[in-house]
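> what would the 3D arrangement of this be:
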Amino acid sequence: MGFDGDEETAPQNPKYLKSKFRYNSPFVQVSLIGLVCFCCPGMFNALSGMGGGGQVDHTAANNTNTALYATFAVFGVLGGGIYNILGPHLTLAAGCSTYILYAGSFLYYNHHKHQAFAIDAGALLGVGAGLLWAGQGAIMTSYPPAHRKGVYISLFGSIFNMGGVIGGLIPFLTNFKRSEAASVNDGTYIGFMVFMAAGTALSFAILPPSKVIREDGTRCTHIQYSNVSTEAVEIVKLFLNWKMLLIVPAAWSSIFFYTYQFNNVNATLFNLRTRGFNNVFYWGAQMLGSVAIGYLMDFSFESRRKRGIAGVCVVALLGTAIWGGGLANQRRYSIKDPLPPLDFKDSGRDFAGPFVLYFSYGLLDAMFQSMVYWVIGALADDSEILGSPPISHTVNYKEEPFGCWYVGFYKGVQSAGAAAAWQVDTQKVSYMSQLIVNWSLTTISYPLLLILVLLAVKDNHKNEEGTAKEADPTSAGSAYT
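Next comes the predicted model:
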C-alpha cells in the first residue's frame with residue numbers, strides 16, 4: 001500500500017507523496033490510531049456513559065473508576081517516557097489489552113457481585129490507558145503537518161467518537177426489549193470485549209514516526225528512542241514548566257464532569273435502554289463538536305494566535321450556555337427527590353429537554369478537549385520538537401519537551417481529577433454541588449488558556465507556514481482537497 005522502508009530509499013515522486021491514502025502518510029496513520037481508540041477507549045466511553053458501568057448500583061463502578069484514574073494519573077505522566085523507550089507497537093498493544101480485562105470484569109460482576117476483580121481490573125486499565133494515550137498523544141502532536149493539526153485532531157476525534165456511537169448501540173439493541181431492566185445483560189459486555197480485542201490487534205498496524213512521511217517529503221522524526229534516565233529528568237521538568245501549570249485547571253476539569261453527566265444525568269433521569277439510546281447521540285455530538293472546533297482553529301484566521309483565541313472564546317461562551325441549561329435542569333430533582341425514569345418511546349415531551357441537554361454535554365466535551373489538544377500541539381515552535389525524543393544534536397530540548405510528555409502530563413492531571421470525581425459521587429455529594437463545581441472548574445480554565453495562547457503560541461512561524469506553502473501552493477485550503 002505504501003513505502004515504509006529506509007530514508008535513503010524513500011520515494012520522492014510528488015504524486016506518491018501527495019496521496020493521503022499511502023500507508024505511511026499521516027492521514028492513514030492518524031486514521032488507524034483513531035480506529036484503535038474507536039475499539040478500546042471508544043467502547044469504554046460507551047460503557048461508562050451507561051452510568052454505573054451498566055449496573056443499577058453505582059458503587060462498584062465508582063470504586064473501579066477511582067482505582068482506574070488513580071493509576072492513570074501516574075502512568076498518564078510516565079506514559080510518554082515509556083512510549084519513547086518501547087515505541088508504538090509494544091506501548092499501544094499493552095495498553096489496549098487492559099481494556100478487554102476491564103469489560104470482562106463487569107461480565108464477572110454481573111454474576112457474582114464481587115467488586116475486587118473489577119477494582120483490580122480498573123487499576124490495571126489505568127496503567128494501560130496511560131500507555132495508550134501517551135502513544136496517541138505522540139502521534140497526534142507529531143505526525144500531522146504543523147499547519148493542519150486541528151484538521152487531524154478533528155479526523156481522529158470523529159473516528160474515535162464513532163466508537164462511542166456504536167458502543168451506545170450495543171446496550172441499546174441488546175436491552176431494547178428490557179424496558180424495566182436495571183442492569184445490562186451479558187451480551188452487552190461480550191460485545192464490548194470483541195471490539196476491544198480487535199483494537200488490540202489493530203495497534204500493530206501503527207508505524208513508528210521514522211517511517212511516516214508527510215506530503216512535503218519530511219519524516220516525523222529521524223531520531224532514535226531515548227533512555228530511562230533522560231525520560232525521568234524531562235518528566236520531572238514538566239512540573240516546573242509554567243505552560244503546563246496554566247493547563248492544570250483545564251486538565252483537572254476536562255473529564256471531572258463525566259461522573260456527574262453519566263451517573264447523575266443519564267443514569268438518574270433515564271431507564272436502561274434509553275441510556276444506551278442517549279449515548280449514541282452523546283458521542284455523535286462529540287463527532288460534530290470535534291469537526292467544528294477543528295475547522296475553527298485551523299481555518300478561521302490567517303494568524304495562528306487569533307485562531308487559538310477564537311477557539312477558546314467560542315468554547316467558553318458555549319460552555320457557559322450549556323452549563324446554564326444544566327443548572328435549570330438540575331433544579332427539578334435531587335438525590336432525595338428523584339424523578340421517575342424517562343423512556344425515549346413513552347415519555348413524550350418530558351424526554352426532549354433532558355435529552356437535548358445530554359446531547360449538548362457531549363458537544364461541549366469534544367470541543368473543550370479538542371481545543372486543549374490544539375493548544376498543546378501549538379506550544380512548540382517546530383513540529384519536530386513535538387515529535388522527537390530528547391536525544392538529538394539538532395533540537396534544543398531546553399526549549400520544548402516531547403509532545404507526548406505534554407499530552408501525558410495533561411492526561412495525568414486529568415485522571416487525578418477524574419479519580420476525585422468518582423469518589424465525590426460515592427460519598428453522595430448533592431447533584432447541585434457537583435454541577436456547580438464542574439461549571440466553576442471549566443470556567444476558571446478559559447482565561448488561563450487565553451494567557452497561554454497569547455504568550456506561548458508562535459504566530460505564523462516561517463518553518464510552519466513557509467514549508468507548507470513551498471510544498472503545496474494550495475495548502476491554505478483544506479488538507480483533504
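> please make it C-alpha for all contacts and neighbour counts, starting now.
OK.
> on the three-state scheme, Leu169 is what?
What DSSP: H, G, I helix; E, B strand; the rest coil gives for Leu169 is helix.
> can you check Ile255 too?
Following three-state DSSP, the label given to Ile255 is coil.
> which residues touch it?
Counting by Cα atoms under 8 Å, 6 or more residues apart in numbering, Ile255 makes contact with Gln414, Ser415, Gly417, Ala418.
> most neighbours, which of the residues you listed?
Ser415 (32 neighbours; other Cα atoms under 10 Å).
> quick check, that one in a helix?
Yes - assessed with three-state DSSP, Ser415 lies in a helix.
> pretty sure it is in contact with Phe72, am I right?
Yes - applying Cα atoms under 8 Å, one finds Ser415 in contact with Phe72, separated by 5.8 Å.
> ok so, going back, and of the contacts of Ile255, the nearest to Arg275?
Arg275 lies nearest to Ala418 out of the contacts of Ile255, by Cα to Cα, at 21.1 Å.
> shaky segments in the protein?
For the chain, applying pLDDT under 70 flags the ranges 1-18, 51-57, 178-183, 221-232, 235, 380-405, 408, 460-481.
> and the longest helix for it?
helix 349-378 (DSSP state H).
> report the central residue of the chain.
Taking Cα atoms, centre = their mean, the centroid of the chain lies closest to Gln369, which sits 6.8 Å from it.
> what's the spacing between that residue and Val375?
Look at Gln369 and Val375: by Cα to Cα, to the nearest Å, they are 10 Å apart.
> centre of the chain versus the longest helix of the chain, how much separation?
Centroid displacement of helix 349-378 relative to its chain, using Cα atoms, centre = their mean, to the nearest Å, is 12 Å.
> that helix: which residues count as buried?
By neighbour count on 16 or more other Cα atoms under 10 Å, the buried set for helix 349-378 is 351, 354-355, 357-378.
> in which helix or strand would I find the closest residue to Ile170 other than its chain neighbours?
With Cα to Cα, 6 or more residues apart in numbering as the criterion, Ile170 has its nearest non-adjacent residue at 6.0 Å, and that residue is Thr188. Element membership of Thr188 [criterion: DSSP states H and E] is helix 186-202.
> output the contacting helices and strands for that helix.
On a contact count with 3 or more Cα pairs under 8 Å, 6 or more residues apart in numbering; DSSP states H and E, helix 186-202 meets helix 26-39, helix 41-49, helix 88-112, helix 149-174.
> need the ones you listed in TSV (columns: distance to Phe281 and mean neighbour count).
What follows is these, written out as TSV (distance: least, Cα to Cα, whole Å; neighbours: other Cα atoms under 10 Å):
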stretch	distance to Phe281	mean neighbour count
helix 26-39	16	25
helix 41-49	11	25
helix 88-112	22	22
helix 149-174	7	25
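> now the ones you listed as TSV including distance to Leu450?
Listed next are those as TSV, based on distance: least, Cα to Cα, whole Å:
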stretch	distance to Leu450
helix 26-39	28
helix 41-49	29
helix 88-112	33
helix 149-174	17
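> and of those, who's closest to Gly289?
Minimum separation from Gly289 across the helices and strands packed on helix 186-202 (Cα to Cα) falls at helix 149-174, 8.6 Å.
> show me what the closest one is packed up against.
In terms of contacts (3+ Cα pairs under 8 Å, 6+ apart), helix 149-174 is packed against helix 26-39, helix 41-49, helix 115-142, helix 186-202, helix 272-299, helix 349-378.
> can I get these in CSV with distance to Leu342?
Converted to CSV, the helices and strands packed on helix 149-174 look like this (distance: least, Cα to Cα, whole Å):
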stretch, distance to Leu342
helix 26-39, 29
helix 41-49, 16
helix 115-142, 29
helix 186-202, 21
helix 272-299, 8
helix 349-378, 6
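> circling back to that earlier point, pretty sure the residue nearest to Ile170 is touching Phe176, no?
No - using Cα under 8 Å, Thr188 is not in contact with Phe176; the gap is 11.4 Å.
> what about these two, which has more around it?
Between Thr188 and Phe176, counting by other Cα under 10 Å, Thr188 is the more crowded of the two (22 against 17).
> residues contacting that one?
Each residue near Thr188 by Cα under 8 Å, 6+ apart is listed here: Ile170, Pro171, Thr174.
> quick revisit: among the helices and strands packed on helix 186-202, which comes closest to Phe262?
Of all the helices and strands packed on helix 186-202, it is helix 41-49 that lies closest to Phe262, at 5.0 Å by Cα to Cα.
> what's the angle from the closest one to helix 88-112?
30 degrees (axes from the mean of the first three to the mean of the last three Cα atoms, to 10 degrees).
> report all helices and strands that helix 41-49 contacts.
helix 88-112, helix 149-174, helix 186-202, helix 272-299.
> now do that helix against helix 272-299: the angle between them, please.
Using the same axes, to 10 degrees: helix 41-49 against helix 272-299 is 130 degrees.
> and the helices and strands packed on helix 41-49: which comes nearest Gly326?
Nearest to Gly326, of all these, is helix 272-299, at 14.8 Å by Cα to Cα.
> report the angle between the axes of the following helix or strand past the closest one and helix 272-299?
Reading on from helix 272-299 to the C-terminus, the next helix or strand found by DSSP H and E is helix 304-330. Counting by the same axes, to 10 degrees, helix 304-330 points 160 degrees away from the direction of helix 272-299.
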